[in-house]
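Trainee: here you go, sequence then predicted model.
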Amino acid sequence: MVDRKMVKTVGEHWVCAMLARHGWAPALTRDGIARTDILAVATHIEERPSIEIQVKAATRGAKHTTWLLGNASTLAASQREWFVFVMVPQPPLPPRGFIVPRDHVVAARWIIHQNWMTNPDVATGQRNTPISQARVNEEVWAGYEDRWDLLETPTSSVPVLFPAWVRERALLDRVGLPPDHPWNEALPVW
């Protein structure tokens, strides 16, 4: 059985190490801070912007890795809120990281879950898992893998790096986007 707390701790420490390697001065927040596991300052940028990161860590699944997104429904309160999804494999393989703006995560969570819930090929009433149990797999995050460079950019300027099929699902009436998501005004091209 996997110790989830240990996986999360490994993920957080790995993210701190990667941030330091890329010129950021990271600090873990105390347990219980909503939305932010790590605060970091860019020591390599003259303006020294700070960022907030929520870490989601998971072990490699049999076929692929999925991350439970739970409370990932709150839109960003600033242009510097991020998620880092960490895949913690069996040693000696190194972890893998996917660096994603918070608003991108909120959109993906909704699109993937609504598409799954409203799939016309599944009989009505067969799927009733709430969005709080939504999982998103590594295929959706693939374009964000090792994109530590994105952290230097305000999140509203970061290109959407989802697979094209995610956008196609968002355009379906049965799927769409969360009601208050900024992409409802104009869905970005990706």
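Mentor: Received it, and whenever you're ready, just let me know what you need.
Trainee: run through the residues that contact Asn115.
Mentor: By C-beta atoms under 8 Å, 6 or more residues apart in numbering, the residues touching Asn115 are Arg169, Leu172, Arg174, Val175. C-beta here means a position set from N, CA and C on the backbone, and glycine is covered the same way.
Trainee: by contact count, what packs against the biggest helix by length in the chain?
Mentor: Looking across the chain with DSSP state H, the single longest helix is helix 4-21. Contacts defined by 3 or more C-beta pairs under 8 Å, 6 or more residues apart in numbering; DSSP states H and E place helix 4-21 against strand 24-28, strand 38-42, strand 50-59, strand 81-88, strand 96-101.
Trainee: related to what we said a few turns ago, mind putting the contacts of Asn115 in JSON lines, distance to Pro101 and pLDDT included?
Mentor: Supplementary listing: these in JSON lines, determined by distance: C-beta to C-beta, whole Å; pLDDT from 0 to 100:
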{"residue": "Arg169", "distance to Pro101": "19", "pLDDT": "97"}
{"residue": "Leu172", "distance to Pro101": "23", "pLDDT": "96"}
{"residue": "Arg174", "distance to Pro101": "25", "pLDDT": "95"}
{"residue": "Val175", "distance to Pro101": "20", "pLDDT": "97"}
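Trainee: still on that earlier bit, closest one to Val158 among the helices and strands packed on helix 4-21?
Mentor: strand 96-101 (5.1 Å; C-beta to C-beta).
Trainee: got the angle between the helix or strand following the closest one and strand 50-59?
Mentor: Using DSSP states H and E, the helix or strand that follows strand 96-101 in sequence is helix 102-117. Here helix 102-117 points in a direction 30 degrees away from that of strand 50-59 (axes from the mean of the first three to the mean of the last three C-alpha atoms, to 10 degrees).
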